[in-house]
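Chemist: 3D, please:
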Amino acid sequence: MTEFATKLADSLQPVADQFKALNVPAPVTQWGHPFFMAIVIFAMGSFVAISGWRGRTTTDTEVATKNKADHRKVAPLMTAFLAAGYTGGLLSLVMQGKPLLESPHFITGSVILTLLTINGTISLTGFGGNQPLLRNAHAYLGSAIVLLMVVHAMLGLKLGLSI
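Modeler: Have a look, this model is predicted:
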């Protein structure tokens, strides 16, 4: 492990020890993070993507308004759950005594959170005064993030099976 990863693991160890003291069964420690994050990625991620695209593409103003509102409500929650799950994944690895910051799953998770932050920032700026280029960038970047989340889930399954 790198020096930073070792320091991070050391800083997370007291929290991991508190969870270990709960005598959580090993399968829950190993598969809890993937189970809950799969729900977030596949249920919330699909909903956010579909509602976002429906809001953009439908010709029915009422349907578009509803979908855009749903997208605005759920996308930040999904991002918050993913950020919390990121921390949970790190804690799970510390609890299992596994190395941090080394797997492709960790890398894709980090990229996803970075891209979600960028995409959220685009939205929070009002798309730069409702600029079509930024609206398109937001939509296509969001779609790419959803695809990356599927790759991330597959890498997580591979990681979980290797532990």
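Chemist: where's Ser11, which helix or strand?
Modeler: helix 3-20 (DSSP states H and E).
Chemist: I figured Gly89 hits His33, correct?
Modeler: Yes: using Cβ atoms under 8 Å, Gly89 is in contact with His33, at 4.7 Å. Every C-beta, even on glycine, is put in place using the N, C-alpha and C of the backbone.
Chemist: Which strands and helices lie in contact with the next helix or strand after the helix holding Ser11?
Modeler: Downstream of helix 3-20, the next assigned helix or strand under DSSP H and E is helix 26-39. Using 3 or more Cβ pairs under 8 Å, 6 or more residues apart in numbering; DSSP states H and E, the elements in contact with helix 26-39 are helix 61-95, helix 132-162.
Chemist: Show me the one of the ones you listed that comes nearest Ile41.
Modeler: With respect to Ile41, and counting by Cβ to Cβ, the nearest of those is helix 132-162 at 4.6 Å.
Chemist: So for the closest one, mean pLDDT?
Modeler: Helix 132-162 comes out with an average pLDDT of 96.
Chemist: For it, name the packing helices and strands.
Modeler: Secondary-structure packing of helix 132-162 (3+ Cβ pairs under 8 Å, 6+ apart): helix 26-39, helix 45-57, helix 104-124, helix 126-130.
Chemist: For His152, which of the ones you listed is the nearest?
Modeler: helix 104-124 (4.1 Å).
Chemist: Determine the angle, from 0 to 180 degrees, between that closest one and helix 26-39.
Modeler: Helix 104-124 runs at 30 degrees relative to helix 26-39, counting by axes from the mean of the first three to the mean of the last three Cα atoms, to 10 degrees.
Chemist: can you pull the buried residues of helix 104-124?
Modeler: Neighbour counts using 16 or more other Cβ atoms under 10 Å place His105, Phe106, Thr108, Gly109, Ile112, Leu113, Leu115, Leu116, Asn119, Ile122, Ser123 of helix 104-124 among the buried residues.
Chemist: With stretch 55-69 instead?
Modeler: Gly55, Asn67, Lys68.
Chemist: if we can go back for a sec, contact partners of the helix holding Ser11?
Modeler: For helix 3-20, contacts defined as Cβ atoms under 8 Å, 6 or more residues apart in numbering pick out Met1, Thr29, Leu90, Leu91, Leu93, Val94, Met95, Pro99, Leu100, Leu101, Glu102.
Chemist: ok, the second one - how many residues close by?
Modeler: Think Thr29. Burial of Thr29 is recorded as 19 neighbouring residues (other Cβ atoms under 10 Å).
Chemist: Thought Val94 was touching it, still the case?
Modeler: No: Thr29 is not in contact with Val94 according to Cβ under 8 Å; the separation is 10.3 Å.
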